[in-house]
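K.L.:
Turn this into a model:
(2 chains)
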Number of protein chains: 2
Amino acid sequence: MNIVITGGAGFLGLRLARELLQQGTLSLAGSPAQAITRVTLVDRAAPPAELMADHRVRAIEGDLNALLEAAPDAGPVVARDTAVVFHLAAAVSGECEADFDLGMRSNLDATRALLEACRRLGSSPTLVFASSLAVFGNSPQQPLPAVIEDTTLPTPQNSYGIQKFIGEQLVADYARKGFIRGRNVRLMTVSVRPGKPNGAASSFLSGMIREPLAGVRAVCPVAPDTPVALSSPSRTIRGLIRAVEASDADWGARTAINLPALKTTPGDMAAALERMAGREVAALIDWTPDAAIANIVTNWPAHIDAARARRLGLLPDDNFDAIIAEYLEVTPTRS
Amino acid sequence: MNIVITGGAGFLGLRLARELLQQGTLSLAGSPAQAITRVTLVDRAAPPAELMADHRVRAIEGDLNALLEAAPDAGPVVARDTAVVFHLAAAVSGECEADFDLGMRSNLDATRALLEACRRLGSSPTLVFASSLAVFGNSPQQPLPAVIEDTTLPTPQNSYGIQKFIGEQLVADYARKGFIRGRNVRLMTVSVRPGKPNGAASSFLSGMIREPLAGVRAVCPVAPDTPVALSSPSRTIRGLIRAVEASDADWGARTAINLPALKTTPGDMAAALERMAGREVAALIDWTPDAAIANIVTNWPAHIDAARARRLGLLPDDNFDAIIAEYLEVTPTRS
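P.N.:
Prediction:
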């Protein structure tokens, strides 16, 4: 089985690739598991050498739009024998707000071109589209309901959310037409992300754990009791893989499913950090309010009732202690 | 004030143009009414000579995509001084199912190109997007709720509905960015349409009234008690104009509003026809079930709770007698 991952050299793409390579087989829509013979990582960046050492791994480096435009007849990005495409590549929300045309190109045009490449195969490959909780935006004219369900009307309040929601619609229709088997999956905010802080408003939700564990001070810019909805990297990856494995009947509607999320607060996260790593580590969090970030974060939905995911056996992390434990297991720390 | 109507030579486009020309002025988002100085009808077909005789009317004939591609710098379709664009042009649902690429081009690409043309003006013109009840599709995996509200999640079950729903998202985001003032309006099934039967599954909902009134037999292919949601041409046009007139505050969210619809049945429609035109006319309806059409029509939502439209003063037709009366007033019949 040949699997393609766009955004394959990103944090989630690499985690997904490692998980797939480790399990070695994959069941497609309820059929018996098949050996994974190739994992192709499409990304602007090169995957790490350690991953490339696996003979099953291929890398295609370049801009996804450019690669797809250069190969109108289903060239390198989606090879003839591709069975599964995980479409994770995207411009992130900040970029899309700063540069509207970039977002439209990276998120809308690239998704459509990828769908066209899959359609041209004629073999109806499975495409998992990584949509986002960002489709749910709060606005004074249209406040979000207290609980987000799978049937809640998305009202995106930024271009990234709009482009992701449009992507869901395209995937649904390409699937209905039989051009692909489509799986629309909305990812939650992932914590704890390894690496460095980025420009995302959600960056602190990883940084306030990751930095103290490395002995570095970190800021939490919102009130300790701010509700937030989080998912560990492993539960997120589990959701993406389950989307491929689920039979069409089990998956159900072509509209997107919300992945499960743990409803917690920065205060609870800090308490978990203290339990897991001690008082001195937790004391490295600076509680320094930032009104701009607080305004963004408090407009995110915090209570997700992921009923469809639950029926597929996908559950939120048990608690934030477990999320920290996973992070400590995967990532070397200073101590 | 310069107004552009795409699909301007179609049934609704012409009705809209005549209504605007007759009222002579238009209020923009709650501001004082201004004189309408030009109405530009963009369509593949030419408008009737009688309309062209009005010195305020211009016609641009051609394929909308081709016209927009030929004029990347906001050329003829959207002239510099355009204040309002009614975007009615679309490939219809049957065409979009038969030719996927045609639908994507006519409905998605054309809408995006039109939005880009408006954006290039730099003057944030008002764009009214004629979306459709077709965004609400019923499926075994995701049955529609009994009552459709403005916050009901659309689950389109055909490409036309998907493309209209994507158009709504684009309009919402172009509006949020300030490129346009956006107004997303979902049109209901219009009855009684003048003219000839067309290939639409809904065609009989006009034909079963129009044909008998002209002394011609007509088929109703569904059971008399099948619930259907209809709007007269005049209420539909009223909704499109109200979308321009409403202030941003009165309009509210950038998501689409459902126009109001009269919930009725073919049985009630036939009874109204008998009351309005006599027993002999109503007897020209042949009640000949067609399972294929019945299967489509019974999957349409029939009960619309158009709360936002109601708050804007937009109400459904009082009853089907009134709809027939309007048709008789506008259209000469045989008798």
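
K.L.:
what's the pLDDT at A:Pro72?
P.N.:
For A:Pro72, the model assigns a pLDDT of 62.

K.L.:
Quick one: neighbours of A:Thr111, just the number.
P.N.:
Neighbour count for A:Thr111, taken as other CB atoms under 10 Å in any protein chain shown: 26. No exception for glycine: its C-beta is placed from N, CA and C like everyone else's.

K.L.:
That one: what's its closest spatial neighbour, skipping adjacent residues?
P.N.:
Spatial nearest neighbour of A:Thr111, chain neighbours left out: A:Gly167 (4.5 Å); criterion: CB to CB, 6 or more residues apart in numbering or on different chains.

K.L.:
Show me where the stretch 151-300 of chain A has its strands.
P.N.:
Here the stretch 151-300 of chain A has its strands, by DSSP state E, counting those that start in this stretch, at A:181-187, A:189-190, A:218-220, A:228-231, A:257-258, A:262-264, A:285-287.

K.L.:
Let me see the residues that make contact with the fourth one.
P.N.:
The one in question is strand A:228-231. For strand A:228-231, contacts defined as CB atoms under 8 Å, 6 or more residues apart in numbering or on different chains pick out A:133, A:187-191, A:205, A:239, A:259-266, A:297, A:300-304, A:316-317, A:320, A:323.

K.L.:
now swap in the longest one and tell me
P.N.:
For strand A:181-187, contacts defined as CB under 8 Å, 6+ apart pick out A:12, A:29, A:124-133, A:135, A:168, A:171-172, A:174-175, A:231, A:236, A:239-240, A:243-244, A:246, A:248, A:251, A:254-259.

K.L.:
The last one now?
P.N.:
For strand A:285-287, the surrounding residues in contact (CB under 8 Å, 6+ apart) are A:208, A:212, A:217-220, A:224, A:270, A:273.

K.L.:
Including distance to chain B, pLDDT and neighbour count, could those go into a markdown table?
P.N.:
Formatted as a markdown table, the contacts of strand A:285-287 follow (distance: CB to the nearest CB, whole Å; pLDDT from 0 to 100; neighbours: other CB atoms under 10 Å in any protein chain shown):
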| residue | distance to chain B | pLDDT | neighbour count |
| --- | --- | --- | --- |
| A:Met208 | 30 | 97 | 26 |
| A:Pro212 | 37 | 98 | 25 |
| A:Arg217 | 37 | 97 | 11 |
| A:Ala218 | 32 | 97 | 19 |
| A:Val219 | 29 | 96 | 18 |
| A:Cys220 | 29 | 97 | 23 |
| A:Pro224 | 32 | 97 | 14 |
| A:Ala270 | 35 | 98 | 22 |
| A:Leu273 | 37 | 98 | 24 |
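
K.L.:
per the record, what domains does chain A have?
P.N.:
A:2-190+A:231-258, A:204-229+A:261-302+A:318-330 (automatic domain parsing).

K.L.:
what's the most buried one of these?
P.N.:
Greatest average neighbour count among the domains of chain A goes to domain A:2-190+A:231-258 (a mean of 20), per mean count of other CB atoms under 10 Å in any protein chain shown.

K.L.:
From start to finish, how long is it in a straight line?
P.N.:
The straight-line separation of the ends of domain A:2-190+A:231-258 (CA to CA, to the nearest Å) is 26 Å.

K.L.:
rewinding a little: specify the stretch among the strands of the stretch 151-300 of chain A that is closest to B:His87.
P.N.:
Proximity to B:His87, assessed across the strands of the stretch 151-300 of chain A by CB to CB, is greatest for strand A:181-187 (27.1 Å).

K.L.:
Can you show me the CA trace of that closest one as PDB?
P.N.:
Below are the C-alpha coordinates for strand A:181-187, written out as PDB (Å, rounded to 0.1, in the frame of the first residue of the first chain):
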ATOM      1  CA  ARG A 181     -13.200   7.900  -0.700                       C
ATOM      2  CA  GLY A 182     -13.400  11.100   1.500                       C
ATOM      3  CA  ARG A 183     -12.700  11.500   5.200                       C
ATOM      4  CA  ASN A 184     -13.200  14.900   6.700                       C
ATOM      5  CA  VAL A 185     -11.600  15.200  10.100                       C
ATOM      6  CA  ARG A 186     -11.500  18.300  12.200                       C
ATOM      7  CA  LEU A 187      -8.300  18.500  14.300                       C
END
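
K.L.:
Mind checking the pLDDT average for it?
P.N.:
For strand A:181-187, the per-residue pLDDT averages 98.

K.L.:
go on, stretch A:84-103?
P.N.:
Mean per-residue pLDDT for stretch A:84-103: 94.

K.L.:
hmm, back to that, which ones among the contacts of strand A:228-231 map onto helices?
P.N.:
Cross-referencing those against helices under DSSP state H gives A:205, A:239, A:266, A:297, A:320, A:323.

K.L.:
Farthest pair within these?
P.N.:
Pairwise distances across the ones in helices among the contacts of strand A:228-231 (CB to CB) peak at 23.8 Å, for the pair A:Gly239 and A:Pro266.

K.L.:
quick one, phi/psi of A:Ala83?
P.N.:
The phi and psi values for A:Ala83, taken as degrees, to the nearest 10, are phi -100, psi -30.

K.L.:
Quick check: A:Asn65 vs chain B, distance?
P.N.:
In this view, A:Asn65 and chain B are 16 Å apart by CB to the nearest CB, to the nearest Å.

K.L.:
Tell me if that residue really is in a strand.
P.N.:
No: A:Asn65 is assigned helix when assessed by DSSP: H, G, I helix; E, B strand; the rest coil, not a strand.

K.L.:
Now do the same for it: its pLDDT.
P.N.:
A:Asn65 is assigned 95 on the pLDDT scale.

K.L.:
Distance of it relative to A:Ala91?
P.N.:
Distance of A:Asn65 to A:Ala91, computed by CB to CB, to the nearest Å: 11 Å.

K.L.:
could the ones in helices among the contacts of strand A:228-231 go into JSON lines alongside distance to A:Phe86 and pLDDT?
P.N.:
Listed next are the ones in helices among the contacts of strand A:228-231 as JSON lines, based on distance: CB to CB, whole Å; pLDDT from 0 to 100:
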{"residue": "A:Leu205", "distance to A:Phe86": "24", "pLDDT": "96"}
{"residue": "A:Gly239", "distance to A:Phe86": "11", "pLDDT": "98"}
{"residue": "A:Pro266", "distance to A:Phe86": "31", "pLDDT": "97"}
{"residue": "A:Val297", "distance to A:Phe86": "28", "pLDDT": "87"}
{"residue": "A:Phe320", "distance to A:Phe86": "27", "pLDDT": "98"}
{"residue": "A:Ile323", "distance to A:Phe86": "23", "pLDDT": "97"}
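
K.L.:
Return the member of those nearest to B:Cys96.
P.N.:
For the ones in helices among the contacts of strand A:228-231, the nearest to B:Cys96 is A:Gly239 (32.1 Å; CB to CB).

K.L.:
hang on, the closest one packs against A:Leu314?
P.N.:
Yes: between A:Gly239 and A:Leu314 a contact is recorded at 5.4 Å, counting by CB atoms under 8 Å.

K.L.:
Between the two, which contacts overlap?
P.N.:
Here A:Gly239 and A:Leu314 have A:259-260 as joint contacts, going by CB under 8 Å, 6+ apart.

K.L.:
Give me every residue in the stretch 151-300 of chain A that's in contact range of chain B.
P.N.:
Proximity of the stretch 151-300 of chain A to chain B, by CB under 8 Å from any CB of the partner chain, involves residues A:151-159, A:162, A:165-166, A:169-170, A:172-173, A:176-177, A:252-255.
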